[in-house]
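*Asks:* Provide a 3D model corresponding to the input given below.
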Amino acid sequence: MSSLALSVLLALASVIAYAAGAILQEYVASTAPSRAYAPVDRPGWWAAVALNGTGAALHVAALAYGPLSVVQPLGALTLVFALPMAALFVHRGAGARAWRGALLATAGLAGLLALTDGGTGVTPGSGERAVLAATAFGAVALLFLAAHGVHRPVLRGVLLAAAAGVSFGIASVFTKTVAEDWAWSAPLRHWPALLVVGVLAVLGLLLSQAAYRGSGLAAPLATVTVVNPVAASAVGIALFGEGFRHGALGAVLAVVCGAVAAAGIVLLTRERLGGDRPGRTGGGRAAGGGRSRTPAAPVRGPGRRAGSHADAPGPEVGERVDVGTEARAGTDLEVQVRSGAVAGGS
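*Replies:* Just a heads-up that it's a prediction; the model follows:
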């Protein structure tokens, strides 16, 4: 097997692991709503953590055997794999609009990643790394606060997913800086960057878990999948000397691809918002499907014993009578009379 084929297989295995982890996270979020960020008492959540870790390891291995231009676009297939897997394993199908949104987000992201150039291998200095870390934590905090300022679960989930995507993307940037500057003779020299990687990775995991609460699978997963590499690419362009292939044309195409990916996320969010609208309840219908009636007071004649059906007065001419039993203690049947003109009556 060639190195390229092995790289593709590892990248696809990484995508499947990420998709399975996301499905488990959404399932745990829907069944354990009391623990939004860290449902540590649920074995399914730990399985999701293990699957996400496995996906990351397989992705790194794929990059070791194949070029970035092949491996990164394949990573955009996570959402495309997740939807049918969710329908197959947890019986949560996706509608036509969700599929359109997923395909748009995937195509836009794949095109954007394919246009990104690897750059010249420039490594930012310690001062730039400090600014980057502060900016990343600030952006995550702002998105977190914005998420808790909205009341719609889907919008809150998308904002939390965006915060998770920023966390994962910047963690990837710091991982790259450590990998390029690593020296076995002085491993402790990189502890600040490793600390930032650890904190951002944990934040991304917790935020992504909370994003699935009440938001479904597709919209949060698409947001994380798109924001993660976009944030990393933006930092790569600013600090690592990266750019886009084909010069100005590549930059224009990258903007178009970004707009397509954003349109996919918007479509997924609107699809979920439409599904969360409260259903219409027919007026005048009871819970059991019958016509809802307001019980009328029983009509009693003077001197008659209350509750006796034998003594109930008969209907007058021209009145419509509804007869029904009342749930009361006793054996008598009470007659309820509603006034209403009968056709032909006076």
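*Asks:* so which strand or helix has the residue sitting nearest the centre point of the chain?
*Replies:* Geometric centre of the chain, nearest residue: P220, 2.9 Å, by C-alpha atoms, centre = their mean. For P220, the host element (DSSP states H and E) is helix 218-239.
*Asks:* Next, count neighbours for the closest residue to W182 other than its chain neighbours.
*Replies:* Of all residues not flanking W182 in the chain, H190 sits nearest, at 6.7 Å (C-beta to C-beta, 6 or more residues apart in numbering). For every residue, glycine as well, the C-beta is placed using N, CA and C. By the other C-beta atoms under 10 Å criterion, the neighbourhood of H190 contains 17 residues.
*Asks:* returning to that earlier point: the following helix or strand past the helix holding P220 pairs with which strands?
*Replies:* Next helix or strand after helix 218-239 toward the C-terminus (DSSP H and E): strand 243-244. Sheet pairing of strand 243-244 (DSSP bridges) gives strand 116-117 (antiparallel).
*Asks:* Now tell me what touches the next helix or strand after the strand it pairs with from outside.
*Replies:* On the C-terminal side of strand 116-117, the closest following helix or strand by DSSP H and E is helix 126-147. With contacts defined as C-beta atoms under 8 Å, 6 or more residues apart in numbering, helix 126-147 is touched by 124, 155-157, 159-160, 162-163, 166-167, 170, 173-174, 177, 192-193, 196, 200, 203, 207, 235, 239.
*Asks:* Quick one, which of the residues you listed are buried?
*Replies:* By neighbour count, with 16 or more other C-beta atoms under 10 Å, the contacts of helix 126-147 hold 124, 155-157, 159-160, 162-163, 166-167, 170, 173-174, 177, 193, 196, 200, 203, 207, 235, 239 as buried.
*Asks:* just checking, which of those residues belong to helices?
*Replies:* 155-157, 159-160, 162-163, 166-167, 170, 173-174, 177, 193, 196, 200, 203, 207, 235, 239 (DSSP state H).
*Asks:* Buried residues of whichever strand or helix holds A259, list them for me.
*Replies:* Using DSSP H and E, A259 sits in helix 247-275. For helix 247-275, burial by neighbour count (16+ other C-beta under 10 Å) applies to 250, 253-254, 257-258, 260-262, 264-269, 271-273.
*Asks:* ok, V90 touching Y27?
*Replies:* Yes - V90 is within contact range of Y27, at 5.6 Å (criterion: C-beta atoms under 8 Å).
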